[in-house]
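J.: Kindly return the folded structure for what I paste below:
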Amino acid sequence: MTQTPVQHPADNTAAAAPVAKKVPTERTHHGDTFVDNYEWLRAKESPEVVEHLKAENAYQEAVTARQQPLREAIFQEIKGRTQETDLSVPNRKDGWWYYTRSVEGKEYGIQCRVKAQDTGDAVADWTPPAVEAGVELSGEEVLLDCNVEAEGKPFFAVGGAAVTVDGNLYAYAVDNAGDERFTLRIKDLRTGELLPDVIENIFYGISFSPDGTRLFYTVVDDAWRPYQVKAHVLGTPVAEDEVIYQEDDVAMWLGFELSADRRHLVLSIGCSEFSETRLLRFDDYDAGLTTVISRDARVLYEAEPFLLTDASGAASEKILLTHNQDAINSMVSLVDPAELAKPFAEQYWTTVVEHSDDVRVNGAGVTSTHVILSIRKDTIERVQVIPLAGLGTTRQLDPVEPAFDEELYTAGVAGSDYEAPVIRMGYTSYFTPSRVYDFVLPTPEQPAGELLLRKESPVLGGYSPADYVATREWATAVDGTRIPLSVLRHVSVKQDSTAAGLVYGYGSYEMSMDPGFGIPRLSLLDRGIVFVIAHIRGGGELGRHWYEEGKKLHKKNTFTDFIAATDWLAGSGWVDPSRIAAMGGSAGGLLMGAVANLAPEKYAAIVAAVPFVDALTTILDPELPLSALEWEEWGNPITDPEVYAYMKSYSPYENVHAARYPKIAAVTSFNDTRVLYVEPAKWVQVLRANTTGPEPIVMKIEMDGGHGGASGRYVQWRERAWDYAFVADSVGATELLPGAGLK
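T.: Here you go, the predicted model:
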């Protein structure tokens, strides 16, 4: 590796940009050969590669050194607005209330619980106890102090926790590397002692069987795909753990959960286009798994088995299906299990929620009294409930939806218990800090239900939502499609074409960029930056078709939609078009790489976090982590020459060309298993070799982090401060507006 000194007047520093050696590697598919000079950087164990990455960090630190005071200011603003000693709203499970404490000066939360009381008044019994920040509750038990667990470790994350129904055993899974492989341990909460059972290398999600004798968990294969669900019988050797199910199709993902009434283990197998659910009855465990609808039917669905009581009081087994059979936006049906034994075309399903072109049904669950629906309408996620009484008959009642005041908000189910008279809901908007509500489910006496506010997260430093404005605007795409935008700004910014702007986007996997409060973002708004969230195709904001028009052979819509959003901002009268930055992460990092190639002149700076910028190389190798699972999103370039040619025409790495690229920061982690560090490492090399402009191109790599960056809240605040300082400095918005900032 050599280093070439380059001068960056804009940053007032001379620094040596690392220049990786070229080792040509040929990749040939469908008669097309691509020569890759930097593939050798994939050798993670190579001392030469590690030294190169360290040199990239050193270069980045030198180039951005002048941003350090701004980073520190933004970090202190985040810290100053955050109530560091705080706690979550207690959540009831069986006979206990569970909650998390955070303590000033400590990186991680402390998991606690306190005994619940049963008085016979159902709503009172499900009213969480008043827990105060910094005040220990009488009878409080500490389940897990994550600060103690994390001590001396380079990384710490919990990948799941579970408690037995009797409340005696607590299982938890910990990752100390950032590679999303967890070690599971079990604590006896009566004694505080750890059981000898230790299970290594498991994936997210753990559950006890209702009788507490078994523990279910998921295992990933060499490509990091969850492919096995296993059962560990407590007290037996881990080597003897039973494989409940193994999924051998490399393009299918496997997961599990307990049914709401805890009578079944529910296995979910699927991709983004079709799925399969298998059920295991706990009262007939040895009978094994039964399939609800075979994947051969090519239906994308979720299944919830439960007991439905009819008008005569008799309970019968039913399955609630959320599915896309003849329903692109999905619908909800009720099925008798006996119907599932018939050929698929002959089965009779009763409609519970009809299909609508305007409403996307995201999911449906049950309590002992209601169906709980998650839907999306007019881009907004909403919750509705329908009583079980009369479900699927002419007596079925209309859904009830908790009402909120704001135009742009997010409301979702944050937890429900089968027997509870309430469901826990989360609520937030761009300028309303996250709230926790309990929604008392409707009854004949109270047909609209009742929203009970349990907590609004405090924001310190004199925060007032009246200082900020959020509006819904629309950009027009090249094909005439209207693209929804969320435009956020400080109230004192004037529409005189002088402000700076930042456009943020994602646009993949049907993920919606929903309204949500963020303390770090205030630091940008307080510096006069107009923040635009572009709800581009490939996301799910406007239903399933919005997603399908931004995937596979329509993927370029995602990129051109983002550029249309940028053009809207440039012409809006709010900003100076020369002061616009762009930001996105993961698949949104691919978006950043694509727009950098398509329209480098439109951006003063681009921040690409854990960016999927070498997408074609990755997806052409099914041995790489998660590659085969990506075929449903992008197409399969291995078998399909049209997909190969289309992907090669936009994949950022292959399309870097001689152009005046803006300032670019690629932010990554050495141990990321989803988007490997090698992608941005290769990308920045080819960018530097091709740019015709003077602006620096840097890579910041966290050597102890995973896909979400480093662990610990203070570390994460500093990472966000780094990103935002890079943006603010690049667009010349480093000073607070008069009267803005911490009070």
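
J.: and the nearest residue to residue 657 once chain neighbours are set aside, backbone torsions?
T.: Closest residue to residue 657 in three dimensions, ignoring its sequence neighbours and counting by C-beta to C-beta, 6 or more residues apart in numbering: residue 690, at 6.0 Å. Just so you know, the C-beta spots here come from the backbone N, C-alpha and C atoms, and that holds for glycine as well. Main-chain torsions, residue 690, degrees, to the nearest 10: phi -110, psi -20.

J.: Please, where are all the strands along the stretch 101-250 of the chain?
T.: Ranges of strands in the stretch 101-250 of the chain, per DSSP state E, counting those that start in this stretch, are 110-115, 141-145, 157-163, 169-175, 182-188, 194-202, 206-208, 214-220, 226-233, 242-246.

J.: Report the buried residues of the fifth one.
T.: What that stands for is strand 182-188. By neighbour count on 16 or more other C-beta atoms under 10 Å, the buried set for strand 182-188 is 182, 184-187.

J.: Just give me the neighbour total for the residue nearest to residue 657.
T.: Applying the criterion other C-beta atoms under 10 Å, we find 14 residues in the vicinity of residue 690.

J.: Kindly report the same for the one 4 residues further on.
T.: Here the number of neighbours of residue 694 (other C-beta under 10 Å) works out to 13.

J.: Mind telling me what element it is part of?
T.: No secondary structure element spans residue 694, as it lies outside all helices and strands (assigned by DSSP states H and E).

J.: Next one: residue 528 from residue 491, what distance?
T.: In this structure, residue 528 and residue 491 are 11 Å apart, going by C-beta to C-beta, to the nearest Å.

J.: just residue 132 next, same as before
T.: When C-beta to C-beta is the yardstick, residue 132 and residue 491 sit 34 Å from each other.

J.: of those two, who's got more company?
T.: The neighbour comparison of residue 132 against residue 491 (other C-beta under 10 Å) goes to residue 491, with 13 against 9.

J.: ok, the more buried one - contacts?
T.: Contact analysis of residue 491 by C-beta atoms under 8 Å, 6 or more residues apart in numbering lists 466-469.

J.: max-length strand in the chain?
T.: Ranked by residue count under DSSP state E, the longest strand found in the chain is strand 575-585.

J.: Identify the residues contacting it?
T.: Contacts to strand 575-585, defined as C-beta under 8 Å, 6+ apart, come from residues 497-506, 530, 562, 566, 569-571, 591-592, 595, 602-611, 667, 723, 727, 730-733.

J.: Run me through the strand neighbours of that strand, direction for each.
T.: Strand 575-585 pairs in its sheet with strand 499-504 (parallel), strand 605-609 (parallel), by DSSP bridges.

J.: mind listing what's buried in stretch 348-364?
T.: Within stretch 348-364, the residues that qualify as buried by neighbour count (16+ other C-beta under 10 Å) are 349-350, 352-353, 355, 359-362, 364.

J.: actually stretch 460-471, sorry about that
T.: For stretch 460-471, the buried set under the neighbour-count rule, 16+ other C-beta under 10 Å, comprises 461, 463, 465, 467-470.

J.: Would you mind writing the PyMOL command to select the buried ones in the contacts of strand 575-585?
T.: For anyone working in PyMOL, the buried entries among the contacts of strand 575-585, judged by 16+ other C-beta under 10 Å, can be selected with:
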select buried, resi 499+500+501+502+503+504+505+506+530+562+566+569+570+591+592+595+602+603+604+605+606+607+608+609+610+611+667+723+727+730+731+733
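
J.: so which strand or helix has residue 304?
T.: Taking DSSP H and E as the criterion, the element that holds residue 304 is strand 301-309.

J.: what does residue 729 give?
T.: Secondary structure here is read from DSSP H and E; on that basis residue 729 sits in helix 713-730.

J.: any idea of the mean pLDDT in that helix?
T.: Over the span of helix 713-730, the pLDDT mean works out to 94.

J.: In TSV, list the strands paired with strand 575-585 along with mean pLDDT.
T.: Converted to TSV, these look like this (pLDDT from 0 to 100):
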stretch	mean pLDDT
strand 499-504	98
strand 605-609	97
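
J.: In TSV: these, plus distance to residue 211.
T.: Below are these laid out as TSV (distance: least, C-beta to C-beta, whole Å):
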stretch	distance to residue 211
strand 499-504	48
strand 605-609	44
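
J.: quick one: which of these is nearest residue 164?
T.: When these are ranked by distance to residue 164, counting by C-beta to C-beta, first place goes to strand 605-609 at 39.0 Å.

J.: so how far is the closest one from its chain's centroid?
T.: 19 Å (C-alpha atoms, centre = their mean, to the nearest Å).

J.: right, and residue 373 touches residue 391 too?
T.: No. Look at residue 373 against residue 391 with C-beta atoms under 8 Å: they stay out of range, at 12.0 Å.

J.: which residues are in contact with stretch 171-178?
T.: Looking at stretch 171-178 with C-beta under 8 Å, 6+ apart, the contacting residues turn out to be 143-144, 149, 153-163, 181-187, 202, 204, 206, 208, 215, 217, 669, 671-672, 704-707, 710-711.

J.: I'd say residue 64 and residue 697 touch.
T.: No. With contact taken as C-beta under 8 Å, residue 64 and residue 697 are classed as non-touching, separated by 11.9 Å.

J.: Output the contacting helices and strands for whatever helix or strand residue 334 lives in.
T.: For residue 334, the element it lies in under DSSP H and E is strand 331-335. Contacts of strand 331-335 with other secondary structure elements, assessed using 3 or more C-beta pairs under 8 Å, 6 or more residues apart in numbering; DSSP states H and E, are made with strand 315-323, strand 350-353, strand 359-366.

J.: Fine by me, we can end here.
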